[in-house]
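Asker: This is the structure alone, sequence omitted:
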């Protein structure tokens with residue numbers, strides 16, 4: 001493909017799906033499958049996904065028969081992403097033989113033999129959602145994929161955990177953990193400077209006047225979960241590793257790489273510790289390497305699965 005003239009978050013998230021599919025830690029995924037309570041038509045699994053984007057995770061869970069009977073609430077602050085999630089799930093489900101129906105409340109029902117999923121989306125900031133739902137603790141499973149590095153964990157994670165019922169599960173896949181690498185090297189010293197400045201920019205990100213980023217969220221998550229009375233059940237690496245094979249990059253992953261380089265360019269342009277001309281040359285060379293099928297991209301991430309512990313004497317709603 002040629003170097004994109006414009007960039008789209010929708011296309012980036014769609015292109016990222018194949019990268020995530022390879023990256024997800026199988027051991028953590030299997031532990032999730034075995035830890036979920038048995039769902040029935042009378043007692044469906046209650047799932048909340050924060051930062052749901054275009055709905056790639058719900059597709060993954062349904063395709064793998066991880067969800068059989070479930071009510072799935074997907075929230076994101078971007079209405080356009082949720083509209084795309086709705087459109088994609090309808091198309092995806094019909095192509096795989098599911099019946100699809102939408103009721104007047106906007107809920108999407110997807111079903112076939114031994115599976116019935118009700119999905120609802122809401123465009124809302126996670127902070128507002130937590131404030132509204134405070135104290136209800138109804139969710140069996142909370143999912144936040146590639147999400148925790150985009151928030152201020154010390155102030156936000158406790159509220160997220162408080163939404164989950166005692167004994168419920170929290171699944172945080174592809175949580176960024178502070179290492180980014182591009183090969184071949186451009187200039188080792190300048191490469192390290194770009195990585196350091198980019199991670200610093202993540203750490204200093206502010207959204208709506210509040211801190212909103214942590215470049216080492218993966219490793220720091222363990223302590224935050226312990227403070228929030230969450231027992232870690234499984235954890236493992238889920239690195240993004242993107243490279244070209246004999247037929248080039250898989251799927252739309254060339255675009256994914258171009259978007260990553262573009263993001264770094266936008267974030268670091270004008271940085272006081274980086275020479276502007278050298279940064280421009282670095283960006284141009286990385287785009288050219290993608291076109292040549294020569295660029296390798298690695299980002300270190302962690303998948304973490306936890307269980308919300310029940311305070312002494314508190315009921316767990318009859319579920320293990």
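Answerer: Okay, I see it. Treat the numbers as computed from the prediction; the structure is a model and nothing was measured. Numbering: from 1, shown residues only.
Asker: what about residue 166, distance to residue 160?
Answerer: Going from residue 166 to residue 160 by Cβ to Cβ, to the nearest Å gives 15 Å. Glycine gets a C-beta too; all of them are placed from N, C-alpha and C.
Asker: Give me the more crowded residue out of these two.
Answerer: Set residue 166 next to residue 160 and count neighbours by other Cβ atoms under 10 Å: residue 160 wins out with 24 against 16.
Asker: What helices and strands are in contact with whichever strand or helix holds the more buried one?
Answerer: Using DSSP states H and E, residue 160 maps to helix 153-161. Judged by 3 or more Cβ pairs under 8 Å, 6 or more residues apart in numbering; DSSP states H and E, helix 153-161 is in contact with helix 126-133, helix 217-227.
Asker: what do you get if the cut-off is 10 Å, keeping everything else the same?
Answerer: Applying 3 or more Cβ pairs under 10 Å, 6 or more residues apart in numbering; DSSP states H and E, one finds that helix 153-161 makes contact with strand 45-50, helix 126-133, strand 139-143, strand 164-183, strand 210-211, helix 217-227, strand 230-237.
Asker: Tabulate the ones you listed (JSON lines), appending distance to residue 199.
Answerer: Shown next, in JSON lines, are those (distance: least, Cβ to Cβ, whole Å):
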{"stretch": "strand 45-50", "distance to residue 199": "23"}
{"stretch": "helix 126-133", "distance to residue 199": "23"}
{"stretch": "strand 139-143", "distance to residue 199": "25"}
{"stretch": "strand 164-183", "distance to residue 199": "6"}
{"stretch": "strand 210-211", "distance to residue 199": "15"}
{"stretch": "helix 217-227", "distance to residue 199": "11"}
{"stretch": "strand 230-237", "distance to residue 199": "18"}
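Asker: The ones you listed: which one's closest to residue 271?
Answerer: Nearest to residue 271, of all the helices and strands packed on helix 153-161, is strand 164-183, at 15.5 Å by Cβ to Cβ.
Asker: how about the strands in this protein?
Answerer: Secondary structure of the chain, counting by DSSP state E: strands at 45-50, 69-76, 99-102, 108-112, 115-123, 139-143, 164-183, 206-207, 210-211, 230-237, 240-242, 296-308.
Asker: so what strands line up beside the second one?
Answerer: Sheet partners assigned to strand 69-76 using DSSP bridges are listed as strand 45-50 (parallel), strand 115-123 (parallel).
Asker: do the third one as well
Answerer: Each strand that pairs with strand 99-102, with its direction, by DSSP bridges: strand 108-112 (antiparallel).
Asker: repeat for the last one
Answerer: In the sheet containing strand 296-308, the strands it pairs with under DSSP bridges are strand 164-183 (antiparallel), strand 230-237 (antiparallel), strand 240-242 (antiparallel).
Asker: among these, which is the most enclosed?
Answerer: Most buried of these by mean neighbour count (mean count of other Cβ atoms under 10 Å) is strand 164-183; its value is a mean of 22.
Asker: relative to strand 139-143, how tilted is it?
Answerer: 10 degrees (axes from the mean of the first three to the mean of the last three Cα atoms, to 10 degrees).
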